[in-house]
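Asks: return atomic coordinates for the entry below.
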Amino acid sequence: MSVYTTVYTHGLMADKTRVLLDRPTRRAAILRAAAGAFAERGFAATSMDEVAASAGITRLIVYRHFETKESLYAAVLQDVRDRLAGAGSSGAGRGESVAVRALLAVGRDDPAGVTLLLRHAAREPQFASYADEFREQVIRYAERLMRVARAPVRVRTRWAAETLVSFVFDALLHWLEDGDPALDREFLAQVDASLPALVAAWSRAQRSGPDPVASSTR
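Replies: This next block holds a predicted model:
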């Protein structure tokens, strides 16, 4: 099914040029526009009218694709998760490189969507499961990487895996906000060097009294 769209400016019909998009393409465009609107104003403060304006279409067309604002927000989060999974599975290189490169690639293509998933969704009770499930997948991935790297057993803890994931997520979000895309390769190199260094530092740490890392797993 194809959808015709009239271009609007400031809520007024400024150009009656008709743009024909097939349904999947239109849906993708709505998701991208919605991600930007939600990331800028938050879920509660964003209306479907504002999403439609961001997409350059009418509210009626938005509702043809998504029955409610909740279903639209959920679709944005699921779309980002699917693209991150696809980018990670198609990557090449060391394990941590694949994960970080996938996050950055999708983040550069859709920074608003990635920011919604990694930062904002966890604060929305009805959408927290999307963020929590994705974070849990990445934590399990980090745990596997530490096993493959033969990190000492006392370092391969839930605390360590969560710390590595938190570092990557925060580094990525700050880089998307402030980093120069021309320096993305340098950013990836720094993150790739930081993760093994953290594990190595934890491995060398001498115990002085109770080990907080070991204690956190009991």
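Asks: what's the domain layout of this structure?
Replies: Residue ranges of the domains in the chain are recorded as 2-67, 77-205, according to automatic domain parsing.
Asks: now the end-to-end length of the longest one.
Replies: Across its full length, domain 77-205 reaches 39 Å end to end, with CA to CA, to the nearest Å as the criterion.
Asks: just to revisit the earlier point, could I get the domains of the chain as JSON lines with mean neighbour count?
Replies: (Glycine included, C-beta is placed from N, CA and C.) Supplementary listing: the domains of the chain in JSON lines, determined by neighbours: other CB atoms under 10 Å:
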{"stretch": "domain 2-67", "mean neighbour count": "16"}
{"stretch": "domain 77-205", "mean neighbour count": "17"}
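Asks: how about JSON lines for those, with mean pLDDT added?
Replies: Putting the domains of the chain into JSON lines (pLDDT from 0 to 100) gives the following:
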{"stretch": "domain 2-67", "mean pLDDT": "79"}
{"stretch": "domain 77-205", "mean pLDDT": "91"}
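Asks: roughly how far does residue 174 sit from residue 158?
Replies: Counting by CB to CB, to the nearest Å, the gap from residue 174 to residue 158 is 24 Å.
Asks: which stretches in the protein count as helices?
Replies: In the chain, the segments counted as helices under DSSP state H are 23-41, 48-55, 59-65, 69-89, 95-109, 111-115, 128-148, 158-178, 184-204, 212-215.
Asks: for residue 122, which of those helices is the nearest?
Replies: helix 128-148 (4.1 Å; CB to CB).
Asks: find the nearest non-adjacent residue to the spatially most central residue of the chain, please.
Replies: Most central in the chain under CA atoms, centre = their mean is residue 114, positioned 2.8 Å from the mean C-alpha point. Of all residues beyond its chain neighbours, the one nearest residue 114 is residue 107 (4.3 Å), with distances taken as CB to CB, 6 or more residues apart in numbering.
Asks: how near is the one you found to residue 22?
Replies: Look at residue 107 and residue 22: by CB to CB, they are 27 Å apart.
Asks: same deal with residue 195?
Replies: For residue 195 relative to residue 22 (CB to CB), the value is 42 Å.
Asks: what do you get for residue 43?
Replies: In this view, residue 43 and residue 22 are 28 Å apart by CB to CB.
Asks: over to residue 54?
Replies: Computed as CB to CB, the residue 54 to residue 22 distance reads 20 Å.
Asks: reformat the helices of the chain as JSON lines; add distance to residue 121.
Replies: What follows is the helices of the chain, written out as JSON lines (distance: least, CB to CB, whole Å):
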{"stretch": "helix 23-41", "distance to residue 121": "10"}
{"stretch": "helix 48-55", "distance to residue 121": "17"}
{"stretch": "helix 59-65", "distance to residue 121": "20"}
{"stretch": "helix 69-89", "distance to residue 121": "6"}
{"stretch": "helix 95-109", "distance to residue 121": "15"}
{"stretch": "helix 111-115", "distance to residue 121": "10"}
{"stretch": "helix 128-148", "distance to residue 121": "4"}
{"stretch": "helix 158-178", "distance to residue 121": "12"}
{"stretch": "helix 184-204", "distance to residue 121": "22"}
{"stretch": "helix 212-215", "distance to residue 121": "29"}
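Asks: can you give me how far stretch 132-148 is from the chain middle?
Replies: 15 Å (CA atoms, centre = their mean, to the nearest Å).
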